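Colleague: dropping the sequence and predicted coords here.
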Amino acid sequence: MAKLVTGVEIGSYHIKFAVCNQGNITQLVIEPVPDNLIREGAIVSWEAMADVMKEVIGKHKLTCKQAAIVLPENQMYLRRLTMPLMTVDQLKVNLPYEFHDYISEDIDKYFFDYAVIDMIKNEEGEVKQMDLLAAAVKKTTIDQYKTLFRRAGMKLIAAEPVASVYGKAIRAYRIAHGIIGNTSEGNTGDDDYGILDLGHSSIRIDIYSQGVYDTTRILEIGCDAITDTISELYHVDRHIAEVYKQTNQDNVWEHEACINTYNNIAIEVMRVMNFYNFNHPDNSLDKLYYCGGGAHITPLLREISHMIEPELVGIEELYSKEAGNAEELRAAPAAVAITME
């Protein structure tokens, strides 16, 4: 990947541009997405989104045109696989068939890619199997993103699923702290990680077992539930309520109605964590790294912290001190991580 890259994440409420030099922020831009342009995680009008991006790029004088997009989970498939030892050419032939339970269309309509997690040896020390993280995405989806960025005046050079992107940040952290070496072989370790993304329309929890992606849970409740609560309290429309939420108007964060909403969110997070602990009783998940649009709402963090066993810590702990400040990294961790090698 180029030295200077703009990581881009298009969310349901904000679009984020993180211009980074090898994972360190040089410029961060976060702008709201117009209403109804994103629906259920999908871009409704690609031309309108290109116009929005072009306007944001011009407004903030973003000069780095090399771009990498964080793909939402509903636009691709991601699987962890164990396959016999193969050459690269053999993998190209066999990998698509590992997605036959997910893809009913012609496999020629998809791009397939993979990352080697570990090389599995037998008792004699011979490598016999490969532990892989594999992805499949429609070719038309990538073409749409290429056209989107071209119309916005940028060039798309990379696209990765969000779970894989967070995995890059975790891997960099583990290497920096001497948990693993800087190779693929034998780099699983025994430490587990959880990412809690407090998004606007939904909340996402990604679990990484032994530092490698394991599973994702999407909670239908998001921080817009807090916006709805404030809207009802003040009898104002949701746009004004969103401003009140972001600025803590009249200390509304501590209002009983808001605390009840935080509690509802915390219960859903607790259920996911309890389910994971039940199915993985020997896990070492002792921290949940939080980020997203709700990461600055301290009473929300407090309620979640009271409900779960893992310690709740800011996601900036996974990044180097040079990467950016806590506020920046909590707001756009995926857009930053995708620019890492």
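Modeller: Right, received. Where do you want to start?
Colleague: now the strands for the stretch 1-150 of the chain?
Modeller: Using DSSP state E, counting those that start in this stretch, the strands of the stretch 1-150 of the chain run over residues 4-10, 14-21, 24-32, 38-39, 42-43, 66-71, 77-84, 110-121, 127-138.
Colleague: which of these sits closest to residue 326?
Modeller: strand 24-32 (11.9 Å; C-beta to C-beta). All C-beta spots, glycine's among them, are computed from the backbone N, C-alpha and C.
Colleague: mean confidence for the closest one?
Modeller: For strand 24-32, the mean per-residue pLDDT is 95.
Colleague: again with stretch 202-217
Modeller: What stretch 202-217 shows for mean pLDDT is 92.
Colleague: do stretch 149-164 as well
Modeller: For stretch 149-164, the per-residue pLDDT averages 95.
Colleague: in it, what's buried?
Modeller: Buried positions in stretch 149-164, judged by neighbour count with 16 or more other C-beta atoms under 10 Å: 149, 152, 154, 156-157, 159-164.
Colleague: those helices in the stretch 201-341 of the chain, which residues are they?
Modeller: All helices of the stretch 201-341 of the chain, identified by DSSP state H, counting those that start in this stretch, fall at 224-234, 238-247, 256-279, 298-307, 326-331, 333-337.
Colleague: and among these, the most buried is which?
Modeller: Neighbour counts (mean count of other C-beta atoms under 10 Å) averaged over each of these peak at helix 333-337, with a mean of 30.
Colleague: which helices and strands sit right next to that one?
Modeller: On a contact count with 3 or more C-beta pairs under 8 Å, 6 or more residues apart in numbering; DSSP states H and E, helix 333-337 meets strand 4-10, strand 14-21, helix 162-176.
Colleague: any idea which of these gets closest to residue 300?
Modeller: strand 14-21 (17.5 Å).
Colleague: the closest one: partners in the sheet, and parallel or antiparallel?
Modeller: Paired neighbours of strand 14-21 in the sheet (DSSP bridges): strand 4-10 (antiparallel), strand 24-32 (antiparallel).
Colleague: next up, phi/psi of residue 324, please.
Modeller: According to degrees, to the nearest 10, the main-chain angles of residue 324 amount to phi 160, psi 180.
Colleague: residue contacts, it?
Modeller: 24-25, 28, 316, 336 (C-beta atoms under 8 Å, 6 or more residues apart in numbering).
Colleague: try residue 286
Modeller: 310-311.
Colleague: mind doing that once more with 10 Å?
Modeller: 191-194, 309-311 (C-beta atoms under 10 Å, 6 or more residues apart in numbering).
Colleague: rewinding a little: looking at the strands paired with strand 14-21, which is buried most?
Modeller: By mean count of other C-beta under 10 Å, the strands paired with strand 14-21 have strand 4-10 as the most buried, with a mean of 24.
Colleague: now tabulate the helices of the stretch 201-341 of the chain in CSV and tack on distance to residue 145 and mean pLDDT.
Modeller: Output for these, formatted as CSV (distance: least, C-beta to C-beta, whole Å; pLDDT from 0 to 100):
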stretch, distance to residue 145, mean pLDDT
helix 224-234, 26, 97
helix 238-247, 28, 95
helix 256-279, 30, 97
helix 298-307, 32, 97
helix 326-331, 22, 95
helix 333-337, 15, 96
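Colleague: circling back to that earlier point, okay if I get the helices and strands packed on helix 333-337 as a markdown table plus distance to residue 118?
Modeller: Below are the helices and strands packed on helix 333-337 laid out as a markdown table (distance: least, C-beta to C-beta, whole Å):
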| stretch | distance to residue 118 |
| --- | --- |
| strand 4-10 | 27 |
| strand 14-21 | 28 |
| helix 162-176 | 12 |
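Colleague: for the residue most central in space within the chain, give me its contacts.
Modeller: In the chain, the centroid-proximal residue (C-alpha atoms, centre = their mean) is residue 162; its distance is 3.7 Å. Contact analysis of residue 162 by C-beta under 10 Å, 6+ apart lists 9, 70-73, 76, 78, 195, 197, 204, 206, 216, 333-334, 337-338.
Colleague: and with 6 Å instead?
Modeller: Residue 162 sits next to 70, 334 when contact means C-beta atoms under 6 Å, 6 or more residues apart in numbering.
Colleague: so which strand or helix has residue 195?
Modeller: Assessed by DSSP states H and E, residue 195 sits inside strand 193-198.
Colleague: pLDDT of that strand, averaged?
Modeller: Computed over strand 193-198, the mean pLDDT rounds to 97.
Colleague: centre of the chain to that strand, how far?
Modeller: Centroid separation between strand 193-198 and its chain, computed with C-alpha atoms, centre = their mean, to the nearest Å, is 9 Å.
Colleague: which secondary structure elements does it contact?
Modeller: strand 203-209, strand 287-291 (3 or more C-beta pairs under 6 Å, 6 or more residues apart in numbering; DSSP states H and E).
Colleague: what's the closest of those to residue 113?
Modeller: Closest to residue 113 of the helices and strands packed on strand 193-198 is strand 203-209 (C-beta to C-beta; 18.7 Å).
Colleague: how close does the residue nearest to the centre of the chain get to residue 136?
Modeller: 15 Å (C-beta to C-beta, to the nearest Å).
Colleague: compare the contacts of residue 286 and tell me which has the most neighbours.
Modeller: Within the contacts of residue 286, most neighbours by other C-beta atoms under 10 Å means residue 193, with 27 neighbours.
Colleague: can I assume it is in contact with residue 170?
Modeller: Yes. Counting by C-beta atoms under 6 Å, residue 170 is a contact partner of residue 193 at 5.3 Å.
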